[in-house]
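Novice: Have a look at this prediction, sequence included:
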Amino acid sequence: MTSTITRRRVLQTGVAAAALTAMPQMSWAAGSVVKLRIMETTDLHVNILPYDYYRDAADDTVGLTRTATIVKAARSEAKNSLLFDNGDLIQGSPLGDFVAYRRGMKKGDVHPMVAAMNTLNYDCGTLGNHEFNYGLEYLQNALGAAKFPLVCANVMKADGETMLKPWLVLDREVTDEAGAKQKLKVGVIGFVPPQIVQWDKGHLDGKATTIDIVDAAQKHVPELKKAGADIVVALCHSGIAGGERKGGEENAALHLAKVEGIDVILTGHQHFTFPGGKEFNNIPGVDVKAGTLHGKPAVMAGFWGSHLGLVDLELTKEGDAWKVANFRTEARPIYDRVERKVVAKVESDAGVIAAVQADHDATLKYVREPVGTTSVPIHSYYSLVADDASVKLVTEAQAWYVADLLKNSPHKDLPLLSAAAPFKAGGAAARTILPTSSPVRSPSRTWRTSTSIPTPSGP
């Protein structure tokens, strides 16, 4: 007897709206004061709907449709607000793989991630390291329809010019606490881990180079200030790590905070939350409770839409310029855990759902396609003590994939070795790979990573 192998099953191996907390009250300075709310999404990784394509089931812990509801509530709480994205947009879920490998992205097409974000009126964004996983042409096509600008100061083309604008100044009219209209210039600069040239060498070799994040900031932030920026927001797709700066750090946000002229740092890449997060305890210069890096406000908004990062600023006028006088930071979640169960805090935003429904439906069809059959259960129970079908399946898949990549290269006739190890083995908790009790499908080309650990490095 056989059972169908489905893409969904192999991938499986790899709420009423809640009342939102109002904007926190701060001790505001007397005189002319502007309250400005800065909001961040980061590491969305094409998680738009609250859905887990690997399990083919709803998932209340993820999804920009849920974060969007938090965004709209947060906007309603503040007179003045700006929304930024911190990168890792177009890769990371079967929806992203469906677009990249099955549907394709031609010039003029609208990527579903961009379609969703366009409904939310982002003010600016930057690139994450995973933006480069599919190559530069795909990246350009995928982000070409964005209705918001993108900046990045430390990725250069072969001719030495930055691949994107390194920075920009947003001219905004804001309302002060007396109800008067004021002019505010917000400088925005972006950064990505310089390691992209190693992680995506095949796509970037000879086409792009990178420089250290802090070096890029020291070069360009003075230009921002010279251009009249009252405050500077760094979109830093880089995490928080301690230790002495040596240059070229992957996680450089703490070092970046020392650069004069930067007022707010939006971090990401590590898939943690900040303020909070025990991962950052006992790092000199980091205040986990206050949400500061060397005294400057910073946030990290989780991953896959799990949180919205918020920095609430008090700006006061000094001469002709505005300065940060006070602030609060927050990572606001889309769900709670109650007695070890996930409880959604908000419903999905209907506008974002509508923008991507067709692509979501097409992705479900894609991951449910049958591609083979198995006549026996495939598990990893005994993989540490005997030959194991689950590990064999992985090694054969790896060998097939690499052979396909090499078939038109000078190395096509070289012998290939493929190595793999079981993810779990032995006992009731052993990872079952392909049970025969239900259909199993093959994976899309990107395997899912565990949600319990960050995946900050390359492809």
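Specialist: Looks like it came in fine.

Novice: so where do the helices sit in the chain?
Specialist: Secondary structure of the chain by DSSP state H: the helices cover 7-13, 64-76, 94-97, 112-118, 136-143, 196-199, 201-204, 213-226, 253-256, 350-367, 389-406.

Novice: I'd like those helices as a markdown table, with mean pLDDT, distance to K185 and mean neighbour count appended.
Specialist: C-beta coordinates here come from the backbone N, C-alpha and C atoms, glycine included. A markdown table is the format used below for the helices of the chain (pLDDT from 0 to 100; distance: least, CB to CB, whole Å; neighbours: other CB atoms under 10 Å):
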| stretch | mean pLDDT | distance to K185 | mean neighbour count |
| --- | --- | --- | --- |
| helix 7-13 | 50 | 47 | 24 |
| helix 64-76 | 98 | 21 | 23 |
| helix 94-97 | 96 | 35 | 26 |
| helix 112-118 | 98 | 24 | 24 |
| helix 136-143 | 97 | 25 | 18 |
| helix 196-199 | 96 | 30 | 19 |
| helix 201-204 | 94 | 33 | 14 |
| helix 213-226 | 98 | 9 | 19 |
| helix 253-256 | 98 | 21 | 26 |
| helix 350-367 | 97 | 30 | 17 |
| helix 389-406 | 91 | 48 | 15 |
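
Novice: Quick one, which of those helices gets closest to E161.
Specialist: helix 213-226 (13.0 Å; CB to CB).

Novice: Name the residues that touch that closest one?
Specialist: Here helix 213-226 makes contact (CB atoms under 8 Å, 6 or more residues apart in numbering) with 153-154, 166-167, 169, 187, 189, 191, 193-194, 232, 234, 236, 238, 245, 247, 249, 252, 255-256, 258-262.

Novice: from the residues you listed, which would you call buried?
Specialist: 153-154, 166-167, 187, 189, 191, 193-194, 232, 234, 236, 238, 249, 252, 255-256, 258-259, 261-262 (16 or more other CB atoms under 10 Å).

Novice: Thought T69 was touching R75, still the case?
Specialist: No: contact between R75 and T69 fails when scored by CB atoms under 8 Å: they sit 11.0 Å apart.

Novice: contacting residues around V232?
Specialist: With CB under 8 Å, 6+ apart, V232 has these contacts: V186, G187, V188, I189, V221, L224, K225, G261, I262, D263, V264.

Novice: still on that earlier bit, so which of the buried ones among the contacts of helix 213-226 sit within strands?
Specialist: W167, G187, I189, F191, V232, A234, C236 (DSSP state E).

Novice: Quickly note the distance from the closest residue to the fourth one other than its chain neighbours to A362.
Specialist: Spelled out, that is F191. Spatially, and ignoring its direct neighbours in sequence, F191 is nearest to I213 (4.5 Å; CB to CB, 6 or more residues apart in numbering). I213 is 37 Å from A362, where distance means CB to CB, to the nearest Å.

Novice: cool, E137 as well?
Specialist: 22 Å.

Novice: same deal with E40?
Specialist: 30 Å.

Novice: do the same with V188
Specialist: Where A362 is concerned, V188 sits at a distance of 34 Å (CB to CB).

Novice: Same check on K79?
Specialist: 41 Å.

Novice: what do you get for V342?
Specialist: In terms of CB to CB, V342 sits 27 Å off from A362.

Novice: Report how far apart the opening and closing residues of stretch 53-60 are.
Specialist: End-to-end distance for stretch 53-60: 13 Å, by CA to CA, to the nearest Å.

Novice: One more: stretch 58-69?
Specialist: 17 Å.

Novice: try stretch 197-205
Specialist: First residue to last in stretch 197-205 (CA to CA) measures 7 Å.

Novice: And it, how far out from the chain middle?
Specialist: 20 Å (CA atoms, centre = their mean, to the nearest Å).

Novice: Next: stretch 121-131.
Specialist: Worked out by CA atoms, centre = their mean, stretch 121-131 lies 9 Å from the chain centre.
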